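In: task: produce atomic coordinates for the following.
(chains A and B)
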Amino acid sequence: MQTLRLEASRLSELIRRLMGWGPVWAPVEKAPGVFSLEILEDVEKARPDALRTVVPFKKLLLPPSFTMVRGDFGNADLSEVFHARGPQVLFGAHACDVHALKILDLLYLTDYVDPYYEANRETLLVVGFGCWPDDKCFCDSLGTSTVDDGFDLALTPLEGRFLVTVATSKGDDVVRTCRDLFDPASSDDIRDYLARLRERRDAFQLQLDVSDLPYVLELKKEDPVWDELARKCLCCGSCSMVCPTCSCFNVADRIESDGTASRVRSWDSCLYRDYAVVAGGHNFRADRGDRVRTRYYHKQDAFVREFGMPSCVGCGRCIENCPTGIHVVEVFQHVRGDL
Amino acid sequence: MTAEPRSDVRCGGASVSELATGSNPYLPAPARILRITELVPDTRLFELRFEDSSLATGFGYRPGQFVELSVLGVGEAPFSLPSSPTRRGSFELGIRRAGVLTGFLFDHVGEGDSVGIRGPLGNGFPVERFGGADLLLVAGGLGMVPLRGLLRYLVDTRDDFGRVVLAYGSRDPRRVLFRDELELLARRGDAEILLAVDDTCGVAWNGRRGVVTELLDEVKLDPARTFAVACGPPVFYKFVLDKLVASGFGKDRIFLSLERRMECGIGKCGHCAVGYTFTCLHGPVFSYWDAINLPELIYE
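Out: Numbers count the residues shown, from 1 in each chain, chains lettered A, B, ... in the order given. As a prediction, this is how the structure comes out:
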C-alpha cells in the first residue's frame, strides 16, 4: 500500500486520464437527488460524492440479462457467448460498495468459478471514494464503513485535496502513468485524514444491532413479525435489484426469430412468487411471509453461517427504494422486540 | 451462541472446482440417447452416452449425485442418476413427465437424439462412511430413482457392505419402478426387498398392502450398525423419519435426498437455497440432523 496526495483541482484531469484505461462508470445526477451509475462522457458530471446510485456496480460485472449459450433449436452442440467488456473503471466506489464487491467475489469465484463474472471482474479497475454517511447509512454497524483491500485506488476528500491510497499493482500502474498529478502525502494530509475519520465515525445516525443476530433470528423464525411484514411487502423485488450483494439469477431458454435458440440469464429475486416452484407445480415458498423471511435470513443468518459475515453492507439502497417504506433496520429492531 | 461457518454439510467431501462436462459450468456437453425404456406409464428410463468418447468412458460420479439435462430452446432441469458409477460408458436418468422439458422429452425426443448434460452435480450419498455397515434404503414413489443408483452401487460392490435392505412403497402395483430387477436381486440374495402398495387396484400383488412405514416393522436391523437412506415426497419424509428415529436410528445415521428448484446446479443462482445451504451444492443428500436444523427443508 502506498499513500499520495492529489490536489482537488486535478481530479477532473485524473478522470480524463482514466478514460484512456476504459469506459469510466461514475455516479451522475439524473434528477435532483437521484443518481445513476453511467459511463462518463463529460468528466464534470461525475459525482463520486453521491452516496448511492439506484442500481449498484454489479451491473458492470453481470448485466441484468444476457445470453450464456446459443445454438440451433434442440441442437446439443452449443456455443458459449461471452460478454467480456474489457477494461472498465468503476469510479467512486464507497467502502460499502467495495465490501459488496468482495462478497460477490466470494460467491462467484469460489467453488465453481463463474466465467461470465470472472471475465469482467479481472479487467475492472476500482477507484474508491471517501463518503460521508446520511440517515440511511448503517455500514458502521456491519464493519463495512472502511476498507483496506478489494479496490485499486482510493481517494479520500480532505480540504482542497485528496489522500490517495494505492492498494494494488494495477492502481500503481495508474499512478505511474499519471505521475505529474500526484504528490507525496505530507504529515498534514495524514493528520487531516485521521481527524476526518474521527468526525465521520461520530456522523453515523443509524445503527443496526448485529450482536448474536443469527441466533436471534433462529429463535424468532416462527414469529408473527414475518407475517406482519408480508402484509406490507409487495414482493416487487426492488430491494433485490438495488442490493449490491443480491446476486440470484434465473435461467430461461428463448427461441429467436431466426430459429436459433439461446439460454438467457437474468437478475432474479427470492421475493418473486414462483422463485421456488418445481416441475409439477409445487411451490416450496408459496407463502409471502416465508419469502420475506428468507431474504432477511439469507443476509443476516445464512451468509454468516456460510462465510462468517453477513451479506448486508449497510448501504441503505433497500431503505431508499422500497415502495412501501420497509426499513431494514426497523425490521430487525422489531424482531428483537426493541420497537 | 455465535454462528459458526458451515463445517460438514458437504457429506461427499469432494473438492469442487470444475465439472466433468467442461470448464464453463453453464455449458452442457452433448450426450446421445441410446435407449428409452418405459418403466411405468408416466416414467421412462433414458440411457445416455456422451458424444465425446473420453468423457463417455471417464464420466465418474457418486450415487446420489445428479445432472442437469437441457434441450436448447426448451429448458433445463435437474435429474438424479439411477445408474451406478461402477458401470462406465453410459449413464441413466429416470424421468417422469412433469413439466415443459419432460413433456418435450417424452413427445419429441427419441433414441439417437442428443441432449445437453452438465454434471455430475451435488454431493451424493456418503458411501465411504457406509463401508462395513448394514444399509436400509427406504423409497417412496419416484424416490426409487436415486435409490436405484445407490442400490446398484451396493450390489456391484457387495462385499464392502453388510445386509442391504430396501423398503419401497408405491401407490399401486402398476407404479412400482424396476419391479423385475428388484425381484431378481431378491431371488439372487443380493438384497432384501420389501415392497408395499397403498392400493392393489385389482392387480395381482404378493407384497404388502399398506404404507412404507409398515414395512419397516418387518425389518429387524441393529440401528447402531446400520445407515438408513430415505428418498421420497415430502409427506413420505414426515412419517418415515419419525419412524426411523423411533426405531433407534441416530439422526446422523439417516440420510435423505431432497428436491428443490436447482437451476444452475453449482450454488450460484440461489433458487434451491434452504437456510444456509444450497441444495444443489451442499446437497441434495443431507443427514437428518443437518436437515432438521434447516428451516423449511423437509416439510414445506
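
In: can you pull the pLDDT of B:S17?
Out: Note for B:S17: predicted pLDDT of 70.

In: ok, the residue lying closest to it once chain neighbours are set aside - contacts?
Out: Leaving aside its sequence neighbours, B:S17 sits nearest to A:Y112 (C-beta to C-beta, 6 or more residues apart in numbering or on different chains; 6.9 Å). The C-beta positions use only the backbone N, C-alpha and C, and glycine is treated the same way. The contact partners of A:Y112, by C-beta atoms under 8 Å, 6 or more residues apart in numbering or on different chains, come to B:V16, B:S17, B:E18, B:L19, B:P25, B:I266, B:G267, B:K268.

In: in ChimeraX, select just the buried ones from these.
Out: Of those, the buried ones go into a single ChimeraX selection, burial set by 16 or more other C-beta atoms under 10 Å in any protein chain shown:
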select /B:16,19,25,266,267,268
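
In: in strands only, show me the contacts of A:Y112.
Out: The strands, defined by DSSP state E, take in nothing from the contacts of A:Y112.

In: of the contacts of A:Y112, closest to B:G112?
Out: Comparing the contacts of A:Y112 against B:G112 with C-beta to C-beta places B:L19 closest, at 25.2 Å.

In: what bridges to the closest one?
Out: B:G22 (DSSP bridges).

In: pretty sure it contacts B:R118?
Out: Yes: using C-beta atoms under 8 Å, B:L19 is in contact with B:R118, at 6.1 Å.

In: okay, and the common contacts of those two?
Out: B:P25.

In: and the closest residue to chain B within the stretch 1-150 of chain A, which of the three is it?
Out: Chain B sits closest to A:A76 of the stretch 1-150 of chain A, with a gap of 3.5 Å, by C-beta to the nearest C-beta. Following DSSP: H, G, I helix; E, B strand; the rest coil, the label given to A:A76 is coil.

In: contacting residues for it?
Out: A:A76 neighbours (C-beta under 8 Å, 6+ apart): B:P28, B:P30, B:A31, B:E51, B:V71, B:L72, B:S114, B:V115, B:G116.

In: where are the low-confidence patches of the chain?
Out: The chain I'm using is chain A. Chain A contains no residues with pLDDT under 70.

In: wait, I meant chain B there
Out: Using pLDDT under 70, the flagged stretches of chain B are B:1-16, B:295-300.

In: whichever helix or strand B:V229 is part of near chain A at all?
Out: Assessed by DSSP states H and E, B:V229 sits inside strand B:226-231. No: on the criterion C-beta under 8 Å from any C-beta of the partner chain, strand B:226-231 is out of touch with chain A, staying 15.3 Å away.

In: tell me how far that strand is from the chain's mean position?
Out: Put simply, strand B:226-231 sits 12 Å off its chain's centre (C-alpha atoms, centre = their mean, to the nearest Å).

In: list the buried residues for it?
Out: Applying 16+ other C-beta under 10 Å to strand B:226-231 flags B:T226, B:F227, B:A228, B:V229, B:A230, B:C231 as buried.

In: which other residues reach stretch A:212-228?
Out: Contacts to stretch A:212-228, defined as C-beta under 8 Å, 6+ apart, come from residues A:289-290, A:292-293, A:296-297, A:300-301, A:304-305, A:310, A:331-332, A:334-336, B:1-3, B:295.

In: ok, back up a step: so which of the contacts of A:A76 belong to strands?
Out: Among these, the ones falling in strands (DSSP E) are B:P30, B:A31, B:V71, B:S114, B:V115, B:G116.
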